[in-house]
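Asks: below are the sequence and a predicted model for it; my questions follow.
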Amino acid sequence: MEQEKNDGINKDTVLPLPIQQNRPALSCGLKIRKMMKTVPPCLGKFRPVVGQCCHQCTPDSLSKKLGQNYSLGFHNLLSVNETQTRYRGWLVRRVCCALFVSGCKVYGSPVSGRLERVCQSHRVKKALTAEHKAPEGGDGHGQLDCLSPFLPLINTCISSGVLRFVCWAMLKMFASVFGSIQVNLNHLSALHRASQEGSLLVYVYVRQSAVDCALIPLVLFYHSLRVPYTVCPLQIKNASLRSILQKVGVVLLPPSAPTEDDAEMDTLYQSVMTALVRELLHEGQAISIGVSERSGLGGQWLARIRQLIKEGSVPDVSLVPVGISYDCVPKTYIQVGLRSIFQWLWCLFCWRPEGSVRIHLAQPFSVKEMCESGRCRVDEWLPLQDLLLPVILNNRAGSAFGQRRVSWLLPSSYYASELQEPSRSERNLSIAIILHLIFSATSCMAVMPTSLMSSLLLYKHRKGVSTSVLCRDVAWLTEELLFRNKDVGFGGSLTEVVHYSLSLLAPHLIIAAAPSKKDPLIVPCPSLAATLHLSYMAKTVTHAFISEAVGACAVSAMLCEVAHSGVSSSVRSDVEGVEVKGDMEFDVVLCQSELTARALQLCHLLPPGFMPPCQSSQSFALDAIDSLVRCGILIQEEVPRDVPICDFWKKQEGPLTWTTSDDPYHSDSDCEEPDFCSYKIRQPSHCPEMLFFLCRMLAGHLRALCWTTMGLDLFEMPLAEAEFVAQIHSHLCDTANKKKQHYESCSEEAAHTAVRTLIDLGVLLEEWQKGGVFLAVSPLFQLSENRQKLHRFISQYLYN
């Protein structure tokens, strides 16, 4: 962690102060500001360095950055002024954006001969022959007829004039949507150097909105880097718009495929896209790819790049994770699919500037180094049912060590066009790259003020909180995030941070300000839409505290067992509304080995992207328990011994012998009993409810699993996978509405993740039929007794 310099660049990190000009002021905003005047401006003094390469998988790529000075600067893309042009004057200030765009460097994109080279690809020829679309050894004219639907995709190019105009239009459009677009400048020098050295760069981000596709090319164009060819997963029907986008390097879906899944089912499309990626990399072009952390869509493009490197068609590629954080995620991903693109653009221009965007370009790392060095281990990956079913059904005390295999991130249908499907280890290696990039891009995301505020209101103050307590918790949580090397997307005084985030979250909050009280009360709206919004915004905080959250849920599981056994009556199940002074200890002692086993079992239930893929589950579980010790939640309990641990006298018949602690022949086997470690629980004085705050972070995911498990007997099986996920989503919403709470467990993502977890567990069986994939309950879990066991296993981690 390094101190942030107070220079001209870093002034852009402070929150945009004229909030009142862009948004209507809160009804009690004046009272909040007056109440917080005494709070010192303590935020934004330190910022961690984020986006470094993995020291385990790619140490050589990491060493290229070591020893360099970090600028710790941020730049606002929307603040274009005359100083960024070669001219000065009154007229220049009004057209400075157009002058700046005209002066940015644009790299050419030749397409001459690309179509012919794609047609000569052995993959394309093989696919044409296999589908009998063209005779083997046929003429080129017949091949062109068969490839006519894909010709616009192959001829996608980057036109200098069109690119400059589109970037100018995007700057104007985003100025009406966002208050600022802050770019971290730390790794831009590394990208410039890699570009000058001729490295092939592939930018990878986690999909959140349709705006993601536009932000990365805009950032690179703004800083005179090569604009990448962008893979767009949206289906756009308008012919004119498709023509414009294909002239700025946007690779669209073919018009015949309504979704990305449908396009990937076509073996000819797969072959053409693999050949196109090969030609783009041969031309020295950069590529931008978005990966879905829910379904893994987009990962097939990374698998294509990995396969080309393995074949020797491409020497090496440098992957660049990109973290994009929003104060308010634009609701464009759904609107583009439901309405025409022109209506969507009109809505963008009508919106008021709302929130900010923070973009972190991480340090590039080599794919070849990661795959061929042997440091990325995939030989311990096991099916989830092998890891957990013995524990769930047979009540086995121990857990199987290994990583959860998530083969669905890269469906086997992708390899339908290849000569032969690769071995399991090769396929797992491609999945490991996808997982690593999802985790790296997510780790790069800065925690925005709305994310921080949402996590506090949803996980700590669900029943409401006064503004003074909320301000105290904002300062505390900011320090905790910075301590965990997580960057925050704001700076300035605590007064502005709280008022800014409350103004953006106002539609989802109830703010009550009584005339007799100077301290307004803030309560989250108890509605489905408000809870889902707060839950989505709080995801980045959950990612930062995932190790502590897993450890806290393991502690909760053991406390639940103790409470049910009746051993201790002093374990409280809820401390809401109870004032706790000082450090309160629970009258219970927890064993380290059992805590680690509970944490390890919970690790296997986490969705992809939360755990570091290069770290073993056992190591992560140990870190989860250690993190609670660092937080002050667990205290190591001294076990009374007859002989002190430091006593190395050996009890033998006859004379006593002495051994030293640094004796190379001394080992633990000399001890008659192994060392046991146990912990006591306490509530730290700086945050008395921290244990429960951490437990609630994973409650939404775990509760969705419980509700899905108990609702399996409500559906007539088999059902198509998409239909079954939709019915599970409806079931989760109905269950939450009946309970009038826990709405964070009924999102579409929660339903999809729950169904996928049950498939991996062997609860649901996949049946491949002509209409697609159908799901049915396995015979093992058609017994209600086994479903009850699974429900008890998952619910033990839920804090009630």
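Replies: It's in. Bear in mind the structure is a predicted one, so any value in this text is a computation, not a measurement.

Asks: look at Pro507 and say how many residues are nearby.
Replies: If you count neighbours by other CB atoms under 10 Å, Pro507 ends up with 9. Backbone N, C-alpha and C define where each C-beta goes, glycine included.

Asks: checking my notes, it in a helix, right?
Replies: Yes: assessed with DSSP: H, G, I helix; E, B strand; the rest coil, Pro507 lies in a helix.

Asks: need the contact list for it.
Replies: Pro507 is in contact with Ala530, counting by CB atoms under 8 Å, 6 or more residues apart in numbering.

Asks: gap between it and Glu293?
Replies: Using CB to CB, to the nearest Å, one obtains 26 Å as the distance from Pro507 to Glu293.

Asks: then Glu260?
Replies: Glu260 is 15 Å from Glu293, by CB to CB.

Asks: tell me which of these two has more neighbours.
Replies: Glu293 (24 against 18).

Asks: excluding sequence neighbours, find me the nearest residue to that one.
Replies: Gly609 (4.5 Å; CB to CB, 6 or more residues apart in numbering).

Asks: go ahead and confirm that neighbour touches Phe439.
Replies: Yes: Gly609 is in contact with Phe439 according to CB atoms under 8 Å; the separation is 5.6 Å.

Asks: and the strands in the stretch 51-200 of the chain?
Replies: Using DSSP state E, counting those that start in this stretch, the strands found in the stretch 51-200 of the chain span residues 74-76, 180-184.

Asks: let me have the ones you listed in CSV, adding distance to Leu215 and mean neighbour count as columns.
Replies: Listed next are these as CSV, based on distance: least, CB to CB, whole Å; neighbours: other CB atoms under 10 Å:
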stretch, distance to Leu215, mean neighbour count
strand 74-76, 13, 21
strand 180-184, 7, 24
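
Asks: output the below-cut-off pLDDT ranges for the stretch 701-800 of the chain.
Replies: For the stretch 701-800 of the chain, applying pLDDT under 70 flags the ranges 800.

Asks: and the strands in it, which stretches?
Replies: Going by DSSP E, counting those that start in this stretch, the stretch 701-800 of the chain shows strands at 719-720, 764-769, 772-777.

Asks: just the ones you listed: most buried one?
Replies: strand 772-777 (a mean of 17; mean count of other CB atoms under 10 Å).

Asks: shouldn't Gln235 be within a helix?
Replies: No: going by three-state DSSP, the assignment for Gln235 is coil, not a helix.

Asks: count of neighbours near it?
Replies: Look at Gln235: counted by other CB under 10 Å, it has 18 neighbours.

Asks: phi, psi for it please.
Replies: Main-chain torsions, Gln235, degrees, to the nearest 10: phi -90, psi 120.

Asks: next: Ile289.
Replies: phi -130, psi 140.

Asks: what bridges to it?
Replies: In this structure, Ile289 bridges to Val204 when assessed by DSSP bridges.

Asks: helices along the stretch 651-800 of the chain, start to end?
Replies: Along the stretch 651-800 of the chain, counting by DSSP state H, counting those that start in this stretch, helices occupy 690-695, 699-710, 721-739, 748-761, 784-795.

Asks: relative to Trp408, which of these is closest?
Replies: helix 748-761 (6.3 Å; CB to CB).

Asks: gap between the closest one and the chain center?
Replies: Helix 748-761 sits 17 Å away from the centroid of its parent chain (CA atoms, centre = their mean, to the nearest Å).

Asks: alpha carbons of it, as CSV, please.
Replies: Taking C-alpha atoms only, helix 748-761 is exported to CSV below (Å, rounded to 0.1, in the frame of the first residue of the first chain):
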residue,chain,number,x,y,z
GLU,A,748,-32.2,-15.0,-11.6
GLU,A,749,-28.5,-15.5,-10.8
ALA,A,750,-29.3,-17.2,-7.5
ALA,A,751,-31.7,-19.6,-9.3
HIS,A,752,-29.2,-20.4,-12.1
THR,A,753,-26.4,-21.0,-9.6
ALA,A,754,-28.5,-23.2,-7.4
VAL,A,755,-29.6,-25.4,-10.3
ARG,A,756,-26.0,-25.7,-11.5
THR,A,757,-24.8,-26.7,-8.0
LEU,A,758,-27.5,-29.4,-7.7
ILE,A,759,-26.4,-30.7,-11.1
ASP,A,760,-22.8,-30.9,-10.0
LEU,A,761,-23.9,-32.6,-6.7
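
Asks: now for that helix, which elements pack on it?
Replies: helix 384-394, helix 699-710, helix 721-739, strand 764-769 (3 or more CB pairs under 8 Å, 6 or more residues apart in numbering; DSSP states H and E).

Asks: redo that, cut-off 6 Å
Replies: If contacts are counted by 3 or more CB pairs under 6 Å, 6 or more residues apart in numbering; DSSP states H and E, helix 748-761 sits against helix 384-394, helix 699-710, helix 721-739.

Asks: and Val523, what element?
Replies: Per DSSP states H and E: Val523 is located in strand 521-524.

Asks: for that strand, packing partners?
Replies: Counting by 3+ CB pairs under 6 Å, 6+ apart, strand 521-524 packs on strand 509-512.

Asks: what is the end-to-end distance of stretch 533-552?
Replies: When the termini of stretch 533-552 are compared using CA to CA, to the nearest Å, they are 24 Å apart.

Asks: average pLDDT across it?
Replies: The average pLDDT within stretch 533-552 is 95.

Asks: same check, this time on stretch 383-393
Replies: pLDDT averaged over stretch 383-393 gives 90.

Asks: same check, this time on stretch 101-109
Replies: On average, stretch 101-109 scores 85.

Asks: list the contacts of it.
Replies: 157-158, 160, 163-164, 167-168, 221, 224, 226 (CB atoms under 6 Å, 6 or more residues apart in numbering).
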